[in-house]
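Chemist: Curious how this folds, go ahead:
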Amino acid sequence: MRRLMAVHAHPDDESSKGAATTARYVAEGAEVLVVTCTGGERGSVLNPSLDRPEIRADLAAIRLREMAAAREILGVQQRFLGFVDSGMDGEPPEGSFAREPLAKATGSLVEVIKEFRPQVVITYDETGGYPHPDHIKTHQVALAAFEAVAGTPWQIAKLYYFSVFTRDWFHAMHDALTARGIESAMGSVLAGLPAPTLPVTTRIRCDEYFAVRDRALLAHASQVDPATGFMAHPREVERAVWPTEDYSLARSFVPVSLVEDDLFAGVDAIADQKST
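Modeler: Model (predicted):
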């Protein structure tokens with residue numbers, strides 16, 4: 001049985017980063033576990049239609065319900081590690097995830113790894129994908145947990161970093177939209193995006209599951225404005241221009257041949273050898 005673990009910082013991250021990939025692997029029979037490090041308690045309400053005092057006051061509970069809905073749409077299992085959102089602005093407060101000792105947070109993830117026994121883990125690179133302290137801490141914890149179980153019965157075969165919605169993606173989408181005479185809001189985004197620092201080693205074709213991804217993302221109604229941002233571009237353009245979600249292989253205990261089209265490339269062969 002293929003087992004894939006995706007380690008994320010907050011509810012909604014699992015739906016905005018790699019969701020079509022996880023939906024594809026679920027459809028193909030893999031077990032997929034989303035590990036969410038925090039509850040997103042200190043997030044903002046990003047959907048203007050829901051930005052009301054009663055929503056802000058109940059945001060912690062709302063985000064739990066949104067996560068449950070997205071989990072059902074994606075067909076994944078999901079676990080919270082139980083740490084507290086650090087917030088985006090200012091110094092992370094005492095008791096928040098970013099301030100937790102690395103050994104403590106890593107130990108919590110290692111326990112989940114021992115229970116689930118994934119062959120593949122996906123998470124953020126050292127930048128966190130963007131400079132939120134919880135994303136950076138999630139990277140540190142996932143990498144430390146991967147290293148902690150190396151050489152044990154719970155060793156993970158491969159560790160990947162997300163490489164989704166990069167400068168290259170925005171550039172390709174912007175060019176495709178303008179070439180079709182469609183107004184693009186992506187040009188303004190491009191100016192603030194850094195050039196990619198990690199190579200894309202793995203491209204997972206998952207355009208068939210973009211609709212599942214979108215439904216999961218919209219389940220996080222407090223975090224997504226359905227009329228703007230990522231939800232605004234025509235999906236047929238995205239499917240034509242960029243039908244994959246992309247990853248960078250960070251660590252591997254199995255032989256690889258790049259560029260891959262399967263996160264489990266090399267893993268199945270090792271499993272087959274062990275079973276014979």
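Chemist: Might you list the low-confidence residue ranges for this protein?
Modeler: 270-276 (pLDDT under 70).
Chemist: And the helices in it, which stretches?
Modeler: 13-16, 19-27, 53-57, 59-74, 102-116, 133-148, 167-179, 187-190, 210-219, 235-241, 267-275 (DSSP state H).
Chemist: Single out the most deeply packed of the ones you listed.
Modeler: helix 13-16 (a mean of 26; mean count of other CB atoms under 10 Å). No exception for glycine: its C-beta is placed from N, CA and C like everyone else's.
Chemist: hey, C-alpha coordinates of that helix in PDB?
Modeler: This file holds the C-alpha atoms of helix 13-16, laid out as PDB (Å, rounded to 0.1, in the frame of the first residue of the first chain):
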ATOM      1  CA  ASP A  13      -2.700  24.900   3.200                       C
ATOM      2  CA  GLU A  14      -3.500  21.300   2.200                       C
ATOM      3  CA  SER A  15      -6.000  22.700  -0.300                       C
ATOM      4  CA  SER A  16      -3.800  25.400  -1.800                       C
END
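Chemist: now the helices of the chain as TSV including distance to M1?
Modeler: Formatted as TSV, these follow (distance: least, CB to CB, whole Å):
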stretch	distance to M1
helix 13-16	21
helix 19-27	11
helix 53-57	40
helix 59-74	18
helix 102-116	11
helix 133-148	20
helix 167-179	32
helix 187-190	39
helix 210-219	21
helix 235-241	30
helix 267-275	9
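Chemist: wait, which of these is closest to F83?
Modeler: Closest approach to F83 among those (CB to CB): helix 102-116, 6.6 Å.
Chemist: Can you check what angle separates the closest one from helix 133-148?
Modeler: Relative orientation of helix 102-116 versus helix 133-148 (axes from the mean of the first three to the mean of the last three CA atoms, to 10 degrees): 60 degrees.
Chemist: Which elements pack onto helix 102-116?
Modeler: Helix 102-116 sits against strand 3-8, strand 31-38, strand 77-83, helix 133-148, with contacts defined as 3 or more CB pairs under 8 Å, 6 or more residues apart in numbering; DSSP states H and E.
Chemist: Could you dump these into a markdown table and include distance to L193?
Modeler: Below are the helices and strands packed on helix 102-116 laid out as a markdown table (distance: least, CB to CB, whole Å):
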| stretch | distance to L193 |
| --- | --- |
| strand 3-8 | 21 |
| strand 31-38 | 25 |
| strand 77-83 | 28 |
| helix 133-148 | 16 |
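Chemist: P92: which of the ones you listed is closest?
Modeler: helix 133-148 (5.1 Å).
Chemist: same for that closest one, what does it pack against?
Modeler: Looks like helix 133-148 contacts strand 3-8, strand 31-38, helix 102-116, strand 120-123, strand 158-162 (3+ CB pairs under 8 Å, 6+ apart).
Chemist: To G129, which of these lies closest?
Modeler: Nearest of those (CB to CB): strand 158-162, 6.2 Å.
Chemist: Show me what the closest one is packed against.
Modeler: Under the contact rule (3+ CB pairs under 8 Å, 6+ apart), strand 158-162 is packed against strand 120-123, helix 133-148, strand 244-252.
Chemist: would you turn the ones you listed into TSV with distance to G39?
Modeler: As requested, the helices and strands packed on strand 158-162 are exported to TSV (distance: least, CB to CB, whole Å):
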stretch	distance to G39
strand 120-123	18
helix 133-148	11
strand 244-252	25
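Chemist: Quick one: closest of these to R24.
Modeler: strand 244-252 (8.9 Å).
Chemist: Just tell me which of the helices and strands packed on helix 102-116 ends up closest to V259.
Modeler: It is, among these and with distance given as CB to CB, strand 3-8, at 19.0 Å.
Chemist: what's the closest one packed up against?
Modeler: Secondary elements touching strand 3-8 (3+ CB pairs under 8 Å, 6+ apart): helix 19-27, strand 31-38, helix 102-116, strand 120-123, helix 133-148.
Chemist: Report all helices and strands that the fourth one contacts.
Modeler: The reference is to strand 120-123. strand 3-8, helix 133-148, strand 158-162.
Chemist: This completes my enquiry, with thanks.
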